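Colleague: What would the 3D arrangement of this be:
(2 chains)
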Amino acid sequence: MELNILTICYLIGSITFILGLKMLSNPATARKGNLIAAGGMGIAIIGTIFLYQDEHGQTLHNYAWIFGGLVVGGIIGTLAAKKVKMTAMPEMVSLFNGMGGACAALISISEFNHLLNGYNGSNADFLLALEKPTLLIVMAGLIIGSVSFAGSMIAWGKLNGRVKDVSFKGQHIFNLLMFVLVLSLATFLIIGTPDKIMLPIFYGVFFLALLYGIFFVLPIGGADMPVVISLLNSFTGVAAACGGFLYGNKVMLTGGILVGAAGTLLTMLMCKAMNRSIKNVLIGSFGSNAVASETAHAGGTYKEISLTDAAMVMSYATKVIIVPGYGLAVAQAQHTCHELEKLLEEKGVEVKYAIHPVAGRMPGHMNVLLAEADVSYDKLMEMEDANSEFKTTDVVLILGANDVVNPAAKVDPSSPIYGMPILEVEQAKTVIVNKRSMKPGYAGIENALFFQPKTSMLFGDSKAALQKLIAEIKSV
Amino acid sequence: MENFLNWICLHQEMFYVVILMIFLGIEVIGRVPSVLHTPLMSGANAIHGVVIIGAIIVMGKAEPDNYLALIIGLLAVVLGTLNVVGGFVVTDRMLEMFKKKK
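Modeller: Next up is the predicted model:
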């Protein structure tokens, strides 16, 4: 009876996951979809705690430990998620993803010890024959989970600036060798005869997988972090599905594979937007390219624009397009930006926003930020629409964006971002760039746009600059 | 080799589930507007937190005197809960902002 109820719980869980993901893909139902998936997860968790029986009909024990863990994790998770600033959202996703990966790896460690105890007992040959595929699953969960955990931690550190890009000569080969080593050790464990050496090798694989995760993400430039996080997200999904195989648990299997497949597709969509191939991401090669050509295009003169002039140009424009970037997010200037938009609209200026698919630190990052400031949906244009509108635009105001408007992506084959679709702002009549300094953007390269005759620079923190600009426009 | 074939046959329904879920996952995501990419990634992140169920099973099966297993299990439960709870709350916070505008 209990097991039947548990099966129903898992069925509900699986359905809510599918439904939740589906509803998350529509702005109108997204929030409800998230809550439905959360509800299904709750049912599956509670069902597991009280109704689970193993193959011998034994129920779970150690309830104090289980609830202790749930309460501690729940409180920390809620607090962290509630306290985090909007700008730090991508880091948070990466961090939580790492936790899931670590969880999957720990399950594998625990199950391996369990299996090993089985080998040491009687009729070892029988167990050996039976447990080989299980061992395969355990190893897969361990490796994928560990890589996902270590990689996510590095991605987290990179996004908040604690970890710098590190690359050295022959890194691809080093990474590849490490990967092959992990796989061969794991294969050796799976096909080899069990004896005492297994445990050290197992932990060796664990350690190497962690190391691989670190070196896998380390050389990749910050601008490509969204792709990496999405990829690691799908890794963790697969690691969770390994757990599903291990316990014959269908809700883990459906949830894990669903995320694995969806995450992989999302990763590919992002790669496409940035014109990278997924192979490049996996081998981790483009960080080193960026370093190589970092100093290639320095120089040129740029001109500054005074606040009064900027205010004047914008108030007498017919159409202004704002291009937000990470600088806007860092300065928390989204509300001020919305204020500027309203002010200009009152003056009869048409204001729109051009959102590059990878502006900020994650796809959709800018949309989330601007939505927070109550910017209406229909003002946000995607890249293609924006590019056809720049020709008829008087002023483009770039707020803390850099690489996504760098013309080098179109004209300079040696540039690391060559081929990435960009917002073609230079087609507009005037371009005003708000930046804190002339320092290069996240990809670490100079931007020729800033030195073009129609471009003028407005230096300063986005929020402060916008506030002053608003004051100026009011007095025009 | 025969082991693995037997095992695949024994778990064939699992493999069917895997295949179906791969297509379903791609199908479901395929229609997502890029506006929702970040919340979607975050939501998917919360859903793979279902790995917590494995952690609970590990924890619940550990012998009460096997401290290594207990500690590993506890750590797994805490981390898994962080993934689930944090993931859903962050996603909700992101989507809350979308809702406000209409």
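Colleague: domain assignment for the chain?
Modeller: Answering for chain A, as no chain was given. A:1-83, A:87-290, A:307-475 (automatic domain parsing).
Colleague: meant chain B actually
Modeller: With domains defined by automatic domain parsing, chain B comprises B:1-31, B:34-102.
Colleague: most tightly surrounded among the ones you listed?
Modeller: domain B:34-102 (a mean of 25; mean count of other Cβ atoms under 10 Å in any protein chain shown). All C-beta spots, glycine's among them, are computed from the backbone N, C-alpha and C.
Colleague: quick one: average pLDDT of that domain?
Modeller: Averaging pLDDT along domain B:34-102 yields 88.
Colleague: quick one: low-confidence ranges for chain A?
Modeller: Filtered on pLDDT under 70, chain A yields the residue ranges A:118-130, A:194-196, A:222-223, A:273-276, A:280-299, A:361, A:441-444.
Colleague: Strands of that one, residue ranges please.
Modeller: With DSSP state E, the ranges of strands along chain A come out as A:319-324, A:350-354, A:380-381, A:395-399, A:430-435, A:455-459.
Colleague: Report all helices and strands that the shortest one contacts.
Modeller: For strand A:380-381, the elements it packs on are strand A:350-354, judged by 3 or more Cβ pairs under 8 Å, 6 or more residues apart in numbering or on different chains; DSSP states H and E.
Colleague: now do the last one
Modeller: With contacts defined as 3+ Cβ pairs under 8 Å, 6+ apart, the secondary structure elements packing on strand A:455-459 are helix A:307-315, strand A:430-435, helix A:462-475.
Colleague: redo that, cut-off 10 Å
Modeller: helix A:307-315, strand A:395-399, strand A:430-435, helix A:462-475 (3 or more Cβ pairs under 10 Å, 6 or more residues apart in numbering or on different chains; DSSP states H and E).
Colleague: Okay, buried residues for the helix ranked longest in chain A please.
Modeller: Ordering each helix of chain A by length in residues (DSSP state H) puts helix A:124-159 first. Applying a neighbour-count criterion of 16 or more other Cβ atoms under 10 Å in any protein chain shown, one finds A:127, A:131, A:133-159 buried in helix A:124-159.
Colleague: so which of these are also by chain B?
Modeller: Among these, the residues lying close to chain B (Cβ under 10 Å from any Cβ of the partner chain) are A:131, A:133, A:134, A:136, A:137, A:141, A:145, A:148, A:149, A:152.
Colleague: Residue B:69: which of these is nearest?
Modeller: Ranked by distance to residue B:69 (Cβ to Cβ), those are led by residue A:141 at 16.5 Å.
Colleague: which ones are touching the closest one?
Modeller: By Cβ atoms under 10 Å, 6 or more residues apart in numbering or on different chains, the contact set of residue A:141 is A:101, A:104-109, A:111-112, A:238-246, A:256, B:51, B:54.
Colleague: Repeat that for residue A:96.
Modeller: Per Cβ under 10 Å, 6+ apart, neighbours of residue A:96: A:77, A:80-81, A:152, A:156, A:233, A:236, B:42, B:45-46, B:48-49, B:79, B:82-91.
Colleague: And it, how far from residue A:208?
Modeller: Between residue A:96 and residue A:208 the computed distance is 25 Å (Cβ to Cβ, to the nearest Å).
Colleague: do residue A:5 as well
Modeller: Taken as Cβ to Cβ, the span from residue A:5 to residue A:208 is 42 Å.
Colleague: Kindly report the same for residue A:242.
Modeller: 18 Å.
Colleague: again, but for residue A:432
Modeller: 51 Å.
Colleague: And these two? Which one has more around it.
Modeller: A count of neighbours by other Cβ atoms under 10 Å in any protein chain shown puts residue A:432 above the other of residue A:432 and residue A:208, at 24 against 20.
Colleague: so what's the more buried one closest to, chain neighbours aside?
Modeller: Excluding the flanking residues, the one nearest residue A:432 by Cβ to Cβ, 6 or more residues apart in numbering or on different chains is residue A:397, at 5.1 Å.
Colleague: is it true that the one you found touches residue A:434?
Modeller: Yes. Using Cβ atoms under 10 Å, residue A:397 makes contact with residue A:434 at a distance of 7.0 Å.
Colleague: what is in contact with the two at once?
Modeller: Contacts common to residue A:397 and residue A:434, judged by Cβ under 10 Å, 6+ apart, are A:310, A:322, A:323, A:458, A:466, A:469.
Colleague: what sits against the closest residue to residue A:241 other than its chain neighbours?
Modeller: Nearest non-adjacent residue to residue A:241, counting by Cβ to Cβ, 6+ apart: residue A:256, 3.0 Å away. Neighbouring residues of residue A:256 by Cβ under 10 Å, 6+ apart: A:17, A:100, A:104, A:141, A:234, A:236-245, A:249, B:18, B:21, B:47-48, B:50-51, B:54.
Colleague: re earlier: which one of the helices and strands packed on strand A:455-459 is the most hemmed in?
Modeller: Counting by mean count of other Cβ under 10 Å, the most buried of these turns out to be strand A:395-399, with a mean of 27.
Colleague: for it, packing partners?
Modeller: So strand A:395-399, by 3+ Cβ pairs under 10 Å, 6+ apart, packs with helix A:307-315, strand A:319-324, helix A:326-330, helix A:334-346, strand A:350-354, strand A:430-435, strand A:455-459, helix A:462-475.
Colleague: Using CSV, write down the CA coordinates of it.
Modeller: Below are the C-alpha coordinates for strand A:395-399, written out as CSV (Å, rounded to 0.1, in the frame of the first residue of the first chain):
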residue,chain,number,x,y,z
VAL,A,395,20.6,58.5,-30.4
VAL,A,396,21.8,55.2,-29.1
LEU,A,397,22.6,55.3,-25.4
ILE,A,398,24.9,52.5,-24.3
LEU,A,399,24.8,51.8,-20.6
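Colleague: and it, which strands flank it?
Modeller: strand A:319-324 (parallel), strand A:430-435 (parallel) (DSSP bridges).
Colleague: Tell me which of those strands lies nearest to residue A:305.
Modeller: strand A:430-435 (6.1 Å).
Colleague: Output that closest one as CSV, restricted to C-alpha atoms.
Modeller: Taking C-alpha atoms only, strand A:430-435 is exported to CSV below (Å, rounded to 0.1, in the frame of the first residue of the first chain):
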residue,chain,number,x,y,z
THR,A,430,24.8,59.4,-32.7
VAL,A,431,26.1,57.0,-30.1
ILE,A,432,26.6,57.9,-26.5
VAL,A,433,28.6,55.4,-24.4
ASN,A,434,28.3,55.5,-20.7
LYS,A,435,31.2,53.6,-19.1
